[in-house]
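K.L.:
Could you work out the structure for the sequence below:
(chains A and B)
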Protein chains: 2
Amino acid sequence: MTKIDWQDKKNLTMLADFYELTMANGYLEHGLHEKIAYFDMFFRRIPDNGGFAIMAGVEQLIEYLKNLHFSEEDIDYLREKNMFSVKFLDYLRDFKFECDVWAVKEGMPIFPREPIVKVRGPVIQAQFIETMILLTINHQSLIATKANRIVRAAAGRPVLEFGSRRAQGYDGATLGARASYIGGCDGTACTIADRDYNIPATGTMAHSWVQLFETEEEAFRTYAKTYPDNCVLLVDTYDVLKSGVPNAIKVFKEEVVEKGYRPKGVRLDSGDIAYLSKAVRKMLDEAGLEDCKIVASNSLDEYIIRELLLQDAKVDSFGVGERLITSKSEPVFGGVYKLVAVEKDESIIPKIKVSANVEKITTPGAKDLYRLYDKETGKAIADLVTMEGEKVYEDRPYELFNPLYTWKRKKVYNFKAEKILTKIFDKGKCIYESPNVDNIKRFCKEQIDTLWEEVLRFEHPHKYYVDLSYDLWKIKDDLLKEYSIEKLS
Amino acid sequence: MTKIDWQDKKNLTMLADFYELTMANGYLEHGLHEKIAYFDMFFRRIPDNGGFAIMAGVEQLIEYLKNLHFSEEDIDYLREKNMFSVKFLDYLRDFKFECDVWAVKEGMPIFPREPIVKVRGPVIQAQFIETMILLTINHQSLIATKANRIVRAAAGRPVLEFGSRRAQGYDGATLGARASYIGGCDGTACTIADRDYNIPATGTMAHSWVQLFETEEEAFRTYAKTYPDNCVLLVDTYDVLKSGVPNAIKVFKEEVVEKGYRPKGVRLDSGDIAYLSKAVRKMLDEAGLEDCKIVASNSLDEYIIRELLLQDAKVDSFGVGERLITSKSEPVFGGVYKLVAVEKDESIIPKIKVSANVEKITTPGAKDLYRLYDKETGKAIADLVTMEGEKVYEDRPYELFNPLYTWKRKKVYNFKAEKILTKIFDKGKCIYESPNVDNIKRFCKEQIDTLWEEVLRFEHPHKYYVDLSYDLWKIKDDLLKEYSIEKLS
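P.N.:
This next block holds a predicted model:
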């Protein structure tokens, strides 16, 4: 199948906060535009108080960066704002992206206060792409993280993404379906996500199908005749136990089994799923339809699914809508994009953003990010943020220490240190090919398997270590002292 | 300025739940596709327990319906699913939209359990557009409703939408900016929303601008030189009171006032806004900059803004980000789309969807929707859902009654009854031109002014009446009795 990517067709260059343009114009005006700057994207909190988040959206970020250009219409629009110099408009017309960009791979578990995207380049460019980097990664990481929680709650039962109608906009639906799949969902109801992103789409019938016919039985029969080999019936339009399931069993026998097929399932979309599913299971089994599955939908999320399964609900797969596609319990992924260093006379000058709120102080400097895995168990021990180019030797013990509470220390031995920021653009040229979405999904599962169970726990998970190397910590500490003593006294 | 609408360029026809295709194929297979059906979109709950919601998204719905067509790529994709008949694929290739569509105008306050979109047409088509109708109206109505809450909390102070970076996808940002503007925001940070939807975009500087320079003063000075006539400085990169504001005052005097301009403002993006804004106001006033505004941002919403103003915070305008663009406190607008009637032998047969949950039972029948305004005060009294074509006589008293608690009755006199469902498509042809967004915004404000203060209240607002006409209620009651007695006993 040809991939028809309508993302390619829309030029999102102008999806920028206006200040990115006023600043760019200012940099150019004062000859500062080619100053080399480093920016980090990182986040501070994991949604739903979870133990980890999942990186997603890199493929769309790459498409955006590859496409970055200003059309004549964009320039006309900006000219009419009467704020920008002719020189600046000319610069935009000839704009050519020249930054280096690194990102954590899609599907990778990520943690607070570590760089998940890193940009190095002329400040006029590196600053300009802020909004789209954040928007792209925040959105898909949010949904992939939520999907994974729901999938884990379902404990092996397939989860389907059903939320398009309640998504926040069209990309919310389509890219949300993509992110859900990466996070572990088995498919989506969203057809265009299948066409464009190869996320398997499925679907059967709405209540309106049942209502359209004189009787429920006739509605079921007509559907079964059309799809005898793939027959899932929605049994809650009138009354599940008195009408829906008896009619379904009758039609399954006469129109499906009779023709040599097996019925695929029944769907419950309302009522008490725990109670109904047990009653329905019994009815189906007694009718000899033990292999007919029960699909449940209706305002589900990880909490309700866990409760249902604790009550031994007989549900074989879940359709999850609005609470997944909007990450309803926590609909914001709070990634930020901060200047961390500039180059001057070929050396890198770290930069800090101070705040009264300790958690909001940035970590300065150009960085690398390592994940340390235990060589024996394969489990992830900690992430280590280092200075760019700093070596981490696997053949000697490494002392980790908490960057806030520096007396908290831990020596690690026998580990493998893996760089997890991958270079995706080199001087503006894309040098990375995004894996297909099935590989991303598989990679995600493998990487989550490297996390300790304690990190996977829903309530009060263990806080995974994200530590700074001593050298990086020292730079931060020195800069903090400098600002608090020299500049503010 | 030419309007460059990238919405036009993407064909969203395939943004459909897959079941809309399986059902369509089934209808065609059994010769039911031309059966005329009526669908209503309605919602059940107002987000944030508010007193009303705001209709938005009709312009984008119209664009989608105008564009509805299946490309060869779409048909190829569907053929490869091996589920659809050749006849059906041929039908899609020649697809021509033929439905009648009515919608409440954008900007209008809307209430639970009334039809806000109504579709009449061949069931194969009327069913197919379900997902896009819901997605489009749910999203923009959600954000317009939230924006209006925030704007009302700000009590006359301008509110700017700053949330693109935390939006749920690209349309979440751009159409969210549009909906925010309809709901009452004064502008956005989102540039592409200005270019494409004429939502005024503004912006100044990020912390990174300040960090890039050797000193904060130099950063401010450079900015002021570039934009002396439009100078807003971000004063919280290091320390608002010890560094940011003193530097800002110095630069305002030397680079702005000296050149004959007045400084526009300072922006606070962290810390205790109530405390800081009062201290900053004092410093600016003492420096003779009484007209210099204070802009606040940082995780604001209607609740925090009300608190700040109760504490007499000296904030002149608010920038609101993630909690607006995702409607964080309640990120789902739960609109549904239900079959309510079919035509048979030229008469309309009402259809009902029963549920154990009384609130989930649908109201059957083809309908009209009236808003009754008090002729004297101009205030909205109630909405009245009637049978299609049913007359409401303004010259005689009308007895409203609660459709659930039918003993609750109220006679209204001296009212004007306005039909608020507007026909936008006639047999597939668009017959309505969407007003420009400034007119929609103005209309929204005017219409909210017709609501009693009791409905506008944030906590426990008065529940606005949405009543059924007696004839409509009777049909519903009869159908309910029929289902509970005949079909389920």
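
K.L.:
A:Lys118 touches A:Ala126, doesn't it?
P.N.:
No - using CB atoms under 8 Å as the test, A:Lys118 is too far from A:Ala126 to be in contact (10.0 Å). C-beta here means a position set from N, CA and C on the backbone, and glycine is covered the same way.

K.L.:
Quick check: which ranges of chain A have low pLDDT?
P.N.:
Low-confidence segments of chain A, defined by pLDDT under 70: A:1-10, A:485-489.

K.L.:
From A:Val332, how far off is the residue nearest the centre of chain A?
P.N.:
The residue lying closest to the centre of chain A (CA atoms, centre = their mean) is A:Ser141, at 2.1 Å. Going from A:Ser141 to A:Val332 by CB to CB, to the nearest Å gives 11 Å.

K.L.:
which stretch of helix or strand covers A:Tyr303?
P.N.:
A:Tyr303 is part of helix A:302-310, with elements assigned from DSSP states H and E.

K.L.:
next structured bit after that helix?
P.N.:
strand A:317-320.

K.L.:
about what we covered before: which ones are touching the residue nearest to the centre of chain A?
P.N.:
A:43, A:53-57, A:110, A:179, A:333, A:335 (CB atoms under 8 Å, 6 or more residues apart in numbering or on different chains).

K.L.:
Equivalent analysis for A:Ser297, please.
P.N.:
Contacts of A:Ser297 (CB under 8 Å, 6+ apart): A:162, A:267-269, A:318-321.

K.L.:
Please report the distance of it from A:Phe213.
P.N.:
A:Ser297 is 22 Å from A:Phe213, by CB to CB.

K.L.:
now A:Gly260
P.N.:
The value you get for A:Gly260 to A:Phe213, if CB to CB is used, is 25 Å.

K.L.:
Looking at those two now, which is surrounded by more residues?
P.N.:
More crowded of A:Gly260 and A:Phe213, by other CB atoms under 10 Å in any protein chain shown: A:Phe213, with 18 against 8.

K.L.:
Tell me where the stretch 151-300 of chain A has strands.
P.N.:
A:159-161, A:187-188, A:232-234, A:265-268, A:293-296 (DSSP state E, counting those that start in this stretch).

K.L.:
and of these, who's closest to chain B?
P.N.:
strand A:187-188 (8.1 Å; CB to the nearest CB).

K.L.:
Mind listing residues that contact that closest one?
P.N.:
A:158, A:160-162, A:164, A:177, A:180-181, A:194, A:199-202.

K.L.:
I figured A:Leu451 hits A:Ala380, correct?
P.N.:
Yes - contact criterion CB under 8 Å: A:Leu451 and A:Ala380 qualify, at 5.8 Å.

K.L.:
Spit out the residues that contact those two alike.
P.N.:
A:109, A:464.

K.L.:
More neighbours: these two, which one.
P.N.:
Neighbour totals were compared for A:Leu451 and A:Ala380, and A:Ala380 leads with 24 against 17 (other CB under 10 Å).

K.L.:
so that one makes contact with A:Tyr464?
P.N.:
Yes - here A:Ala380 lies in contact with A:Tyr464, judged by CB under 8 Å, at a distance of 7.4 Å.

K.L.:
shared neighbours of those two, anything?
P.N.:
Joint contacts of A:Ala380 and A:Tyr464 (CB under 8 Å, 6+ apart) are A:Leu451.

K.L.:
who in the stretch 201-350 of chain A is up against chain B?
P.N.:
A:201-209, A:211-212, A:222-223, A:225-227, A:230, A:236-239, A:242-243, A:270-271, A:322-323, A:326-328, A:331-335, A:337-339, A:342 (CB under 8 Å from any CB of the partner chain).

K.L.:
Narrow those to just the buried residues.
P.N.:
For those, a burial check counting by 16 or more other CB atoms under 10 Å in any protein chain shown picks out A:201-209, A:211-212, A:222-223, A:225-227, A:230, A:236-239, A:243, A:270-271, A:322-323, A:326-328, A:331-335, A:337-339, A:342.
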